[in-house]
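K.L.:
Provided below are the primary sequence and the corresponding predicted coordinates.
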Amino acid sequence: MGELVNLRQVKKARARAEDARQAEENRAKFGQTKAEKARRSAEDRMAQRRLDQSKLDRDS
C-alpha cells in the first residue's frame, strides 16, 4: 500500500519551494552589496559631471 500524504502539507511545501525560488531570482536580479551601490553612485556622479562639462553655453 502507498504512503499516506496530507495534501495540505504538500501544497504548502510546494508553495514554500516556489517562494524560495522566486526569492533567489530576485536576489540575483536586484541584490547589490553596499560597495556595489557606492561604486555605481560614484560612476553616475562622474558621468553627470563629464556631461555637464561638455555642455555648450548659449548665453549670447
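P.N.:
Noted; the coordinates are in hand.

K.L.:
now do the helices in the protein.
P.N.:
With helices called from DSSP state H, the chain shows them at 7-30, 34-53.

K.L.:
and residue 5, how many residues sit next to it?
P.N.:
Residue 5 has 8 neighbours, counted by other C-beta atoms under 10 Å. Where C-beta positions appear, they are placed from N, C-alpha and C, glycine not excepted.

K.L.:
what values do phi and psi take at it?
P.N.:
When quoted as degrees, to the nearest 10, the phi and psi of residue 5 stand at phi -130, psi 130.

K.L.:
swap in residue 6?
P.N.:
Main-chain torsions, residue 6, degrees, to the nearest 10: phi -80, psi 110.

K.L.:
contact partners for the residue nearest the centre of the chain?
P.N.:
Centroid-nearest residue in the chain, with C-alpha atoms, centre = their mean: residue 30, separated by 0.5 Å. Applying C-beta atoms under 8 Å, 6 or more residues apart in numbering to residue 30 gives no contacts.

K.L.:
measure residue 17 to residue 10 for me?
P.N.:
Distance, residue 17 to residue 10, using C-beta to C-beta, to the nearest Å: 11 Å.

K.L.:
go on, residue 46?
P.N.:
54 Å.

K.L.:
could you count how many residues lie near residue 45?
P.N.:
10.

K.L.:
pLDDT at it, what is it?
P.N.:
We have a pLDDT of 96 for residue 45.

K.L.:
measure it to residue 53 for me?
P.N.:
Noted for residue 45: a distance of 13 Å to residue 53, by C-beta to C-beta.

K.L.:
now swap in residue 42 and tell me
P.N.:
17 Å.

K.L.:
of the two, which one has the most company?
P.N.:
Using other C-beta under 10 Å as the criterion, residue 42 and residue 53 rank with residue 42 on top: 10 against 7.

K.L.:
flag the shaky bits of this structure, pLDDT-wise.
P.N.:
60 (pLDDT under 70).
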